[in-house]
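> sequence-free structure coming up:
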């Protein structure tokens, strides 16, 4: 999945927790965004990593054995439809491979059509569903690459 990325992606650390939380808050509805404290705690877990960009996007993931999971990925509303989500997902994919992952999982709200199109275009397939997963009652579609 290596592709040229036109965005300066910064490897995320707990020191970036406030910036990551600001991006997350801008991208998600109230009640769905993560706090800086939550983000900082995630980034120190074994196998966790992330990327952010000043253009308005971030991704966090974790690798365990030969599997990786996208914990969260988002782009602020004003930065959408410019390829930033794709660049972040490709960077996370490449880092997961580098860390030994052979499978990559993510969850997406069943009504998030733009994300579904992106993930499907990159080769993800639906492998499950979590009913009433999100605060608004929508299902999470589990996808794997």
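Perfect, thanks for sending it. Just so we're clear, the structure is a prediction, and the values are computed from it rather than from any experiment.
> Just list what the lengthiest helix in the chain packs against, helices and strands only.
For the chain, the helix that runs over the most residues, judged by DSSP state H, is helix 84-98. With contacts taken as 3 or more C-beta pairs under 8 Å, 6 or more residues apart in numbering; DSSP states H and E, helix 84-98 sits against strand 48-53, strand 57-64, strand 67-75, strand 103-109, helix 113-121. The C-beta positions use only the backbone N, C-alpha and C, and glycine is treated the same way.
> repeat that for 7 Å
strand 48-53, strand 57-64, strand 67-75 (3 or more C-beta pairs under 7 Å, 6 or more residues apart in numbering; DSSP states H and E).
> who does the longest one pair up with?
Partner strands for strand 67-75, per DSSP bridges, with pairing direction: strand 57-64 (antiparallel), strand 103-109 (parallel).
> Mind listing residues that contact that strand?
23-24, 27-28, 34, 42, 56-62, 84-85, 88-89, 92, 96, 101, 103-106 (C-beta atoms under 7 Å, 6 or more residues apart in numbering).
> go on, stretch 105-115?
Residues contacting stretch 105-115 (C-beta under 7 Å, 6+ apart): 67, 69-70, 116, 119, 130, 134, 138-144.
> mind showing which ranges of the chain have poor pLDDT?
1-6, 30 (pLDDT under 70).
> just checking, residue 50 touches residue 13?
No. If you go by C-beta atoms under 7 Å, residue 50 and residue 13 don't touch, sitting 8.3 Å apart.
> more crowded one of those two?
residue 50 (28 against 14; other C-beta atoms under 10 Å).
> Look up the residues forming beta bridges with the more buried one.
Under the criterion DSSP bridges, residue 50 forms beta bridges with residue 60.
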